[in-house]
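**Student:** coords please:
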Amino acid sequence: MTRAKAAPFANPAASQNITGTAPLISEPGLQGPYSQTVVTEQDPRIRTELQRLLDRAREIRPLLRERQAQTEADGQYSAEVHAYLLEHGFYKVLLPSRFGGLELGVPAFFAVISEVARGCPSTAWCLSLSAAHTLTLSSYWSEEAQKSVFGKHGYMIAPASGNPRSATVKHTEDGYLISGTWRYCSGAPYSTHFFPTIVVPATETEEEFRAWAVIDREDYTVLDDWGRVIGMRGSGSNSITMADVFVPYERVCAETWTTDADGPSVGYGIHGNRAYSGVFMGFAEGEVAAAAVGLGYAALDEYERIIRTTKAPFVDGDVLRADSTDWRRVLGMAMAQIDAASAALIRAGQLYEEYAARSADGTEAFDGARAMRLNNLYFVVEELVWEALQSLIRTAGTGISADGQPLQRYFRDIWTTQSRADQFQFFAAPAMAYHFAGQAAFDEAQASDRAAAHEDDTPAVPTAVG
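**Tutor:** Numbers count the residues shown, from 1 in each chain. Modelled structure (predicted):
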C-alpha cells in the first residue's frame with residue numbers, strides 16, 4: 001500500500017518560500033471553523049448545552065483578550081466577566097440538575113474551561129479551580145450538606161486548598177471549630193464557599209483523620225496577597241484565613257475518596273448519575289490541564305497573527321513569515337501538539353466517567369492505579385502545551401518577549417503550570433506502585449478463585465466400610 005501523493009503546496013523542502021497567504025482580516029481565534037472546540041458529545045441534551053456554552057465563551061473572547069493585562073494587574077477577572085459567567089451558567093456545568101444545574105459531565109467541563117482559556121488563561125484557571133469542586137461536593141457529601149450548600153445560591157464557587165500555613169481543629173459537641181490560613185485558593189475573589197483540607201484530631205474513640213470542610217463565605221476572609229508570581233497572575237489564587245469558625249459534622253467529609261473507590265458513592269445514591277462515583281485524583285489535575293489546553297490555542301492564535309503580519313528575516317524580498325516554510329513548520333508542529341493535548345484531555349474525561357460508572361455498578365473498582373494514570377495523563381497534556389510554547393516563543397521574534405505582549409504572557413502562564421509542587425516527575429513513580437499493587441491483588445484473587453474451583457472439583461474420598 002502506498003501513501004497518497006502530496007499536494008503541490010505541501011513540498012517539504014527546507015526554507016522554501018510560499019506565496020499566497022491570505023490577508024489577515026481579523027484576529028485569529030475569534031471566528032471561523034478553527035476558532036472553537038468541536039462538540040463530539042452524542043447525548044442530544046448535553047450536546048446542545050455544551051455548544052451554547054462554547055458559543056458564549058467565544059463571544060466574550062475579544063473582551064477577555066483585551067483585558068488580560070488588567071486581569072493580571074487586578075489579580076482576578078472583572079465583576080463584569082463574573083456576571084457574564086454567572087448569567088450563562090458557566091458555574092453550573094457540573095452541578096446536578098436536582099439543584100438547578102446543567103449536569104453536563106467531566107468531558108464537557110474540560111471543553112468549556114479550555115474555551116474560556118483561549119480568551120484568558122488566568123480567567124479560566126480561576127473559574128476551573130473553583131467551579132470544579134461542585135463535582136467533589138456532589139460525589140462525596142451527604143444530601144443534607146448538598147442541600148445547604150447548593151441551595152444557598154443555586155450554584156457554588158468554591159476553591160480548595162491543602163496548603164495551610166497553620167491550621168487547628170477543635171472538637172465541639174455538634175462539630176468542629178476551625179482556624180487557620182490556607183494558601184493558593186484559586187477562585188477566592190468570587191467564592192461562595194471554601195474547602196480547606198484539615199486534620200481532625202483523635203479522640204478516645206476515633207483516630208486522627210484527614211478531611212475536607214465546607215465553609216460559608218461570611219465565615220472566612222480573602223487576603224490581598226496574590227499576583228506576585230511569574231504567571232497566572234489573574235487567577236485569583238489568594239490566601240484565605242478564618243478563626244474559630246464552627247462547622248457542623250455534616251459539612252466535614254473524611255478524605256476516603258482521594259485515590260480509589262469500590263462501589264457506588266453517596267453522590268450516585270442521591271443523583272442517580274454514575275459520574276458522581278469517581279475519585280478525586282482521577283479528575284483534579286484535569287482542572288489545570290483544561291486551562292493549559294486553551295492557553296495553547298491562544299498562543300497558536302497569537303503566533304499565527306505574528307507570522308501573518310511580520311516580514312521574514314534572512315529571506316530576499318518582501319516575504320511574510322507565514323509565506324516561509326520555516327515558520328509554517330513551527331506553527332504546524334505546535335498545532336499538532338495542542339490538538340493532541342486537547343484530544344487526550346477529553347479522552348481522560350471520558351475514561352473518568354467510565355471508571356466511575358463501573359465502580360457505581362459494582363463491576364470494577366476505580367482503583368488507585370487508574371486514578372494515578374489519569375492524573376499523569378493530565379500532566380502529559382500540560383507537557384505537550386509547554387513544549388509547543390517553547391517553539392513558538394523561540395521563533396516569534398524578540399519583540400514579542402516584551403512586557404505586555406500576549407505571547408510573553410502565555411509563556412509565563414504555562415511556565416507557572418510547570419513550576420508548581422504538583423509535578424509529573426513526583427507522581428510517575430508512585431503511580432507505578434499503585435499499578436503493581438493493583439495487578440498483584442488481581443493475581444491473588446484469580447489464584448484464590450482457581451484454588452476454590454479446584455477444591456469443588458476434587459472427588460470425595462470414599463469412606464472405608466468395615
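**Student:** now the helices for the protein?
**Tutor:** 44-59, 61-66, 68-74, 79-87, 106-117, 121-131, 133-140, 143-153, 266-271, 284-307, 325-361, 368-395, 406-418, 424-457 (DSSP state H).
**Student:** Pick the most deeply packed of the ones you listed.
**Tutor:** helix 121-131 (a mean of 30; mean count of other CB atoms under 10 Å). All C-beta spots, glycine's among them, are computed from the backbone N, C-alpha and C.
**Student:** For residue 219, see how far away residue 426 is.
**Tutor:** 33 Å (CB to CB, to the nearest Å).
**Student:** Same check on residue 83?
**Tutor:** 24 Å.
**Student:** Would you single out the least confident of the helices of the chain?
**Tutor:** Of all the helices of the chain, the minimum mean pLDDT falls on helix 424-457 (a mean of 79).
**Student:** Show the pLDDT at residue 399.
**Tutor:** 90.
**Student:** Now it. Nearest residue, chain neighbours left out?
**Tutor:** residue 405 (7.3 Å; CB to CB, 6 or more residues apart in numbering).
**Student:** Let me see the backbone angles for that neighbour.
**Tutor:** When read as degrees, to the nearest 10, the backbone of residue 405 gives phi -80, psi 130.
**Student:** is it true that it touches residue 397?
**Tutor:** No: applying CB atoms under 8 Å as the test, residue 405 and residue 397 come out as separate, 9.9 Å apart.
**Student:** the more surrounded of these two?
**Tutor:** Using other CB atoms under 10 Å as the criterion, residue 405 and residue 397 rank with residue 405 on top: 18 against 15.
**Student:** Residue 64 touches residue 123, doesn't it?
**Tutor:** Yes: counting by CB under 8 Å, residue 64 does reach residue 123; the two are 5.8 Å apart.
**Student:** shared neighbours of the two, anything?
**Tutor:** The contact sets of residue 64 and residue 123 overlap at 71, 77, 81, 116 (CB atoms under 8 Å, 6 or more residues apart in numbering).
**Student:** Any chance of CSV for those, columns distance to residue 44?
**Tutor:** Putting the shared contacts of residue 64 and residue 123 into CSV (distance: CB to CB, whole Å) gives the following:
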residue, distance to residue 44
71, 36
77, 32
81, 30
116, 24
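**Student:** so which of these comes closest to residue 56?
**Tutor:** residue 116 (9.4 Å; CB to CB).
**Student:** now that closest one, nearest residue through space, not along the chain?
**Tutor:** Nearest one to residue 116, counting by CB to CB, 6+ apart, is residue 124 at 4.2 Å.
**Student:** what about stretch 356-365, distance to the chain center?
**Tutor:** Taking CA atoms, centre = their mean, to the nearest Å, the mean C-alpha location of stretch 356-365 is offset from the chain mean by 23 Å.
**Student:** start to end distance for that stretch?
**Tutor:** 8 Å (CA to CA, to the nearest Å).
**Student:** Could I get the full set of strands for the stretch 151-300 of the chain?
**Tutor:** Here the stretch 151-300 of the chain has its strands, by DSSP state E, counting those that start in this stretch, at 160-161, 164-171, 175-186, 193-200, 209-213, 215-216, 221-222, 237-248, 252-254.
**Student:** Adjacent strands (with direction) for the fifth one?
**Tutor:** It stands for strand 209-213. strand 193-200 (antiparallel), strand 252-254 (antiparallel) (DSSP bridges).
**Student:** follow-up on the earlier one: could you report the distance from the residue nearest to residue 399 to residue 203?
**Tutor:** 57 Å.
**Student:** repeat for residue 224
**Tutor:** Taken as CB to CB, the span from residue 224 to residue 203 is 38 Å.
**Student:** Next: residue 384.
**Tutor:** The value you get for residue 384 to residue 203, if CB to CB is used, is 48 Å.
**Student:** again, but for residue 268
**Tutor:** 30 Å.
**Student:** Outside of stretch 25-33 itself, list whatever touches it.
**Tutor:** With contact meaning CB under 8 Å, 6+ apart, stretch 25-33 is reached by 35, 58, 61-62, 65, 118, 297-298, 300-302, 304-305, 308.
**Student:** Can you tell me which of those is closest to residue 375?
**Tutor:** Taking the contacts of stretch 25-33 together and measuring to residue 375 by CB to CB, the closest member is residue 297, at 23.0 Å.
**Student:** which residues touch the closest one?
**Tutor:** Neighbours of residue 297 in contact, by CB under 8 Å, 6+ apart: 29, 114, 117-118, 338, 342.
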